[in-house]
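S.K.: I'd like to go over a predicted model; first the sequence, then the structure.
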Amino acid sequence: ADGTVERYKARLVAKGYSQVEGVDYRETFAPVAKLVTVRILLSVASLRGWHLHQLDVNNAFLNGDLDEEVFMSLPPGFGRKGENRVCQLHKSLYGLKQASRQWFIKLSTALKAAGFRQSRSDYSLFVRSRQGNFLVLLVYVDDVILAGNNLEDIENTKLFLANQFKLKDLGQLKYFLGIEVARSRHGISLSQRKYALEILDDAGFLGVKPSRFPVEQNLSLTQFDGKLLDDASAYRRMVGRLIYLTITRPDLTYAVHVLSQFMDKPRQPHLEAAHKVLKYIKRTPGQGILLPSTGSLQLRAFCDADWARCKDTRRSITGYCILLGQAPVSWRTKKQTTVSRSSAEAEYRSMATTCCEVT
């Protein structure tokens, strides 16, 4: 965390780009936890007073078993001069196209053998309920969250997984996917303060004068206003990082939505609007969301539409926010797919999108 070198690592990586579909691999898809699922799980854990623990699997992809016959050339220096020997892989390696899928299959098989049921709404969520003990396990590649009402059950599950895979017990949940998790008697707060400061440092905005709001009122950006940027990569990198920041910052969602429309050919006004967002972040880098420890498990949804907002396409904007009790768990701003002929039509499309998210 302080920038010093903790250890040096070397890894043997296969040249997955040379694999042939249908010969060396077939399916490659592997699910990861939806961020909405992460927020809902933490919200329920806060309301129910569940224990929250975290695990990290070491070299996760090396655990997967290969179904195909895959051969790999030896790394330089391992074979004698003039030899053309190859090695056959029995287990997956980093770099193989099917590595992530084979790891998830191995993990889910082990969890099902331990009595867990896989959720149908999010395949990375596993649930087990027996003798009054309720345990939820959420997987994001090699990061695992354990939530349950019985600490002994959580520890037994850790021991079971430790016998199956080499893993690191990180104790109580503090930091997950760049999200800082802090728990108090009021609830669980989620923020990305460290990540927000990294964005400001990367853009050279750590010493800038803060702004009280992320976007100017009635700001209207179009595709052809202003001069084209000489180097669009810095703008794309900045907006891409801001998109990830909206995981815990609903207040940035609309501004980032507007900026992300101009990734192809960004212009000077678009960059100035992005700088305005950075100035706002400078004012509140630790801003996040609170998942209260009191309240109900009732879902509430709010939605709105901005009719014909986009000047380039005249498409309307849908915006919604969904709360579980008092905790915000899902929010989005998105341009509608078709042009609405009236504000009423735009509002109905917005409600339809929100209902799809709720169900």
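M.R.: Nice, I can see it.

S.K.: Show me what counts as buried in whatever helix or strand Glu272 lives in.
M.R.: Using DSSP states H and E, Glu272 maps to helix 268-283. Residues of helix 268-283 classed as buried by neighbour count (16 or more other Cβ atoms under 10 Å): Pro269, His270, Leu271, Ala273, Ala274, Lys276, Val277, Leu278, Lys279, Tyr280, Ile281, Lys282. Using the backbone N, CA and C atoms, a C-beta is placed for each residue, glycine as well.

S.K.: same thing with stretch 105-116?
M.R.: Buried-residue list, stretch 105-116, by 16+ other Cβ under 10 Å: Ile105, Lys106, Leu107, Ser108, Ala110, Leu111, Ala114, Phe116.

S.K.: To be precise, which single item in the residues you listed has the lowest pLDDT?
M.R.: Lowest pLDDT among these: Ala114, with 91.

S.K.: quick revisit: what's in contact with the helix holding Glu272?
M.R.: Under the criterion Cβ atoms under 8 Å, 6 or more residues apart in numbering, residues 196, 199-200, 203, 205-206, 208-216, 219, 221, 225-227, 229, 235, 238-239, 242, 245, 252, 255-256, 258-259, 262 lie in contact with helix 268-283.

S.K.: Pull up the pairing partners for the helix or strand that comes right after it, direction included.
M.R.: Remark: after helix 268-283, the chain's next helix or strand is strand 288-292, criterion DSSP H and E. Sheet pairing of strand 288-292 (DSSP bridges) gives strand 187-191 (antiparallel).

S.K.: list the helices and strands whatever helix or strand comes next after the strand it pairs with packs on?
M.R.: Per DSSP H and E, strand 187-191 leads on to helix 193-203 as the next helix or strand towards the C-terminus. Other elements packing on helix 193-203 under the criterion 3 or more Cβ pairs under 8 Å, 6 or more residues apart in numbering; DSSP states H and E are helix 233-245, helix 268-283.

S.K.: circling back: among the contacts of helix 268-283, which are in helices?
M.R.: Using DSSP state H to define helices, the subset of these located there is 196, 199-200, 203, 235, 238-239, 242, 245, 255-256, 258-259.

S.K.: Quick check: chain neighbours aside, which residue is closest to Leu177?
M.R.: Closest residue to Leu177 apart from its sequence neighbours, by Cβ to Cβ, 6 or more residues apart in numbering: Tyr140 at 6.3 Å.

S.K.: Report how many residues lie close to Val358.
M.R.: If you count neighbours by other Cβ atoms under 10 Å, Val358 ends up with 12.

S.K.: That one: what's it in contact with?
M.R.: By Cβ under 8 Å, 6+ apart, the residues touching Val358 are Leu299, Ala301, Ile322.

S.K.: which of those has the most neighbours?
M.R.: Going by other Cβ under 10 Å, Ile322 tops the contacts of Val358 with 21 neighbours.

S.K.: Would you mind listing the residues in contact with that one?
M.R.: By Cβ under 8 Å, 6+ apart, the contact set of Ile322 is Leu299, Arg300, Ala301, Phe302, Pro328, Val329, Ser330, Trp331, Thr354, Glu357, Val358.

S.K.: Is it bridged to anything, and to what?
M.R.: Going by DSSP bridges, Ile322 forms beta bridges with Ala301, Ser330.

S.K.: picking that back up, in CSV: the contacts of Val358, plus distance to Asn59.
M.R.: Shown next, in CSV, are these (distance: Cβ to Cβ, whole Å):
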residue, distance to Asn59
Leu299, 39
Ala301, 42
Ile322, 37
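
S.K.: ok, which stretches of the chain are helices?
M.R.: Along the chain, counting by DSSP H, helices occupy 35-48, 99-113, 151-164, 193-203, 233-245, 253-259, 268-283, 343-358.

S.K.: okay, these in TSV with distance to Val136 next?
M.R.: Compiled in TSV, the helices of the chain are given as follows (distance: least, Cβ to Cβ, whole Å):
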stretch	distance to Val136
helix 35-48	6
helix 99-113	11
helix 151-164	10
helix 193-203	26
helix 233-245	24
helix 253-259	27
helix 268-283	32
helix 343-358	21
